[in-house]
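Got a predicted model here, sequence first, then my questions.
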Amino acid sequence: MTRAPAALLRSALFVPAANARALEKSASLAVDALIFDLEDSAAEGEKGAARERLRGHLATRGRQAADGPLRVVRINPLDTPAGTEDLLMACAVRADAILLPKVEGPEALEEADTALQHCDAPPALALWAMVETPMGVLRAGAIAGAALSRSLGALVVGPNDLALAAGLLVSPGRPELMPWIGPILVAGHAHGVPVLDGVFNDLADSEGFAAECAAGRRFGFCGKTLIHPSQIDPADAAFGPTPDEIARAEAIVAAFSNPAHRGRGVIRLGTRMVERLHLAEAEALLARAALIRNRKD
Ligand SMILES: CC(C)(COP(=O)(O)OP(=O)(O)OC[C@H]1O[C@@H](n2cnc3c(N)ncnc32)[C@H](O)[C@@H]1OP(=O)(O)O)[C@@H](O)C(=O)NCCC(=O)NCCSC(=O)C[C@H](O)C(=O)O
Ligand SMILES: [Mg+2]
C-alpha cells in the first residue's frame, strides 16, 4: 500500500499508563506524538489497571486538533495474555497508531493487522513496530516492507532491549549500538517508513542527550523517542531545521529561480556545487519549516 506523507515526528514521548499523574500531565504537553505505554513500564500486576486507566483517559480526550500530538498506544506482545486486550482497547478509543514491541518479522505486523480488521478498526489506524531484538534487526527489511492493509507509520529503535539481548556495554556516544541501528535505518529508508531513534535514559545528562539527538538527526532518524517532558524541547530543536539550514535552502531556491540558471542541472553557489536534487531537498526542508511554524502559531 502507499505510504502516508511524513508527518512531524521530532519528539515522541513515552507516557507510562500505570502512572496516573504522568497520564494527566501528558494532556498539557506540546509534543509531536504521545506513546502511551502498557508494556515495559507496567509491572505484571499493574497491566489490567493501566489499560483501564488509559481507556478512560483516551475516551474522554480525543485528539485535540488535527495537528495535536499523535496518540499511539504501545501494547504488550500479542502472544501474551494482555496483548489482545490492549489492542482491542486501542482500537475502541480510536488511537492514531498501535506500537508493537519486539517485532521480529512481518508476521507480527500481519497478525495485528488481521486482528484490527476483525474489530473493524478504521483504516487510518496505523501500526508502528519496535525493532529491539537481534532477530528484529536481522529481519528489519522484511518488517519495513510488510504487506499490510494499513500504513506502517514508524520503526522505533529499542536500545535497552538490544543492549540486554546482545550483552552490549554501551558507552557515551553509543558506538556499540551502531551496528544494530544501521540495518534499521536502511530498512526504513528503503521502504519509506520513518525511523525514530531510541530513548536516552540519563535524565541528568542534558549535554549527552543533546549530542545524541544531534547525532540521530545526522544519521537520518526523523526524531527521537523520549522518557521525560524535559526532553521534548531539545528533541524538537535538534530534529527541526536550524535557521542556518533554512537560510541555505532559501539561497538554493533563489539561485535556481534566477533566469540566468533556467534549464541548468547544476550551478555554483558560493564555493559549492548545487544540483537539482539539492533544490528538491531545499524545497522539502522549507515545507517542513513551514509546518513547524504553523504549528507554533
Ligand atoms: C523516568 C521517570 C520514572 C522519572 O519520573 P519522576 O522522577 O517522577 O519525574 P519528575 O518528578 O521529574 O516529573 C516531573 C513531572 O513530569 C511528569 N512526568 C515525568 N515523566 C513523564 C512522562 N514520561 N510522561 C508524562 N509526564 C511525565 C511527572 O508526573 C511530574 O508531573 P507533575 O508532578 O504533575 O509536575 C518518568 O519520567 C517515567 O516514568 N518515564 C517514562 C518511562 C517509560 O515509559 N518507560 C517505557 C518506555 S522506554 C522503553 O521501553 C525503552 C525501549 O523499549 C527500549 O528497549 O529501549
Ligand atoms: Mg524495549
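Received the coordinates, thanks. Just so you know, these numbers come straight off a predicted model, no measurement behind them. Residues are numbered from 1 along each chain as shown. Ligands and ions are numbered 1, 2, ... in the order given.

what's in contact with the longest helix seen in the chain?
Ordering each helix of the chain by length in residues (DSSP state H) puts helix 276-296 first. With CB atoms under 8 Å, 6 or more residues apart in numbering as the contact definition, helix 276-296 has outside contacts at 8, 67, 240-241, 245-246, 248-250, 252-253, 256, 265-266. Yep, even glycine has a C-beta here, placed from its N, CA and C like the rest.

what do you get if the cut-off is 10 Å, keeping everything else the same?
Here helix 276-296 makes contact (CB atoms under 10 Å, 6 or more residues apart in numbering) with 5-8, 10, 30, 32, 65, 67-68, 236, 239-243, 245-246, 248-257, 264-267, 269, 272, 274-275.

which of the residues in the helix or strand of the chain with the lowest mean pLDDT are buried?
Least confident helix or strand of the chain, by mean pLDDT, DSSP states H and E, is helix 276-296 with a mean of 93. Using 16 or more other CB atoms under 10 Å as the test for burial, helix 276-296 gives 278-279, 282, 285-286, 288-289.

from these, which is closest to residue 20?
Nearest to residue 20 out of those is residue 288 (CB to CB; 35.5 Å).

could I get the buried residues of helix 276-296 as a markdown table with distance to residue 135?
Output for these, formatted as a markdown table (distance: CB to CB, whole Å):
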| residue | distance to residue 135 |
| --- | --- |
| 278 | 39 |
| 279 | 41 |
| 282 | 40 |
| 285 | 36 |
| 286 | 40 |
| 288 | 34 |
| 289 | 39 |
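
what's the closest of the residues you listed to ligand 2?
The closest of the buried residues of helix 276-296 to ligand 2 turns out to be residue 288 (CB to the ion; 28.7 Å).

for residue 245, what are its contacts?
So residue 245 contacts 282, 285-286, 288-289 (CB under 10 Å, 6+ apart).

picking up where we left off before, C-alpha coordinates for the longest helix of the chain, CSV please?
Provided in CSV are the C-alpha atoms of helix 276-296 (Å, rounded to 0.1, in the frame of the first residue of the first chain):
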residue,chain,number,x,y,z
ARG,A,276,18.5,19.9,-8.9
LEU,A,277,18.4,17.2,-6.2
HIS,A,278,19.6,19.8,-3.8
LEU,A,279,16.8,22.1,-4.9
ALA,A,280,14.3,19.3,-4.2
GLU,A,281,15.9,18.8,-0.8
ALA,A,282,15.8,22.5,-0.1
GLU,A,283,12.1,22.7,-1.0
ALA,A,284,11.3,19.8,1.3
LEU,A,285,13.2,21.4,4.2
LEU,A,286,11.3,24.7,3.7
ALA,A,287,8.0,22.8,3.6
ARG,A,288,8.9,21.2,6.9
ALA,A,289,10.0,24.5,8.4
ALA,A,290,6.6,26.0,7.4
LEU,A,291,4.8,23.0,9.0
ILE,A,292,6.6,23.7,12.3
ARG,A,293,6.0,27.4,12.1
ASN,A,294,2.3,26.9,11.5
ARG,A,295,2.1,24.5,14.5
LYS,A,296,3.6,27.2,16.7
